[in-house]
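J.: turn this into a model:
(chains A and B)
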Amino acid sequence: RKEVEQDPGPFNVPEGATVAFNCTYSNSASQSFFWYRQDCRKEPKLLMSVYSSGNEDGRFTAQLNRASQYISLLIRDSKLSDSATYLCVVYAGGGNKLTFGTGTQLKVEL
Amino acid sequence: EPEVTQTPSHQVTQMGQEVILRCVPISNHLYFYWYRQILGQKVEFLVSFYNNEISEKSEIFDDQFSVERPDGSNFTLKIRSTKLEDSAMYFCASSVGLARNEQFFGPGTRLTVL
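T.: Next up, the predicted model:
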């Protein structure tokens, strides 16, 4: 089983739509969880941290289910500028290593 | 807003040559990292560095790789004898501390080994 697993997509949605991405992780000792956004050939940029039962930031909501080892990201009222790859990232402690999923590609269309 | 910077943005080298990639982490951050991303693949951890020591390294980070903090601001990754398969985007990141561990990434250096 992969350490962090995501559906690669692409998800093609119209502007204004609500879209949800899922992620599962294999290490039950994982401590912190993040969503990063990566534009083509650019660096990952921190979108949200997910520390406990969930997190909301404007149009973005992240949920964590530790029992199922599952994280989700919901984007409401999607904009053209939301088009990017969304990376599910997990921290399991120790030396501060982050483990990345392969990412889910989102394309928001007119 | 403070940010991580990296130089050069693109490095082309011949197989077998040494390269040094440079990073300036965010000034009040104490933990520094290198990651790489081969084109079309996921971001992979290479090494973490704290208090002038490596705190964790991956299997990728073999004897050909080394890291250094030569002064109070720079953090470098050296690849001693580059291979074709070292071609990738190399990202430097930094974080304030261990507990929150929100890592902020630099723009990357694209390394092309010919």
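J.: ends of stretch B:78-92, how far apart?
T.: End-to-end span of stretch B:78-92 (C-alpha to C-alpha, to the nearest Å): 13 Å.
J.: just stretch A:70-85 next, same as before
T.: 19 Å.
J.: buried sites along that stretch?
T.: A:71-73, A:75, A:78, A:82-85 (16 or more other C-beta atoms under 10 Å in any protein chain shown). C-beta: built from backbone N, CA, C; applies to glycine.
J.: please apply the same query to stretch A:13-30.
T.: Buried, per 16+ other C-beta under 10 Å, within stretch A:13-30: A:13, A:19, A:21, A:23-25, A:30.
J.: let me have those residues in CSV, extended by distance to chain B, secondary structure and pLDDT.
T.: As requested, these are exported to CSV (distance: C-beta to the nearest C-beta, whole Å; DSSP: H, G, I helix; E, B strand; the rest coil; pLDDT from 0 to 100):
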residue, distance to chain B, secondary structure, pLDDT
A:13, 23, strand, 97
A:19, 21, strand, 97
A:21, 15, strand, 95
A:23, 12, strand, 96
A:24, 15, strand, 96
A:25, 14, strand, 95
A:30, 11, coil, 89
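J.: columns distance to residue B:18 on top of these, output as CSV?
T.: Formatted as CSV, the buried residues of stretch A:13-30 follow (distance: C-beta to C-beta, whole Å):
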residue, distance to residue B:18
A:13, 46
A:19, 45
A:21, 41
A:23, 38
A:24, 40
A:25, 37
A:30, 36
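J.: what's the farthest-apart pair in these?
T.: Pairwise distances across the buried residues of stretch A:13-30 peak at 29.0 Å for A:13 and A:30 (criterion: C-beta to C-beta).
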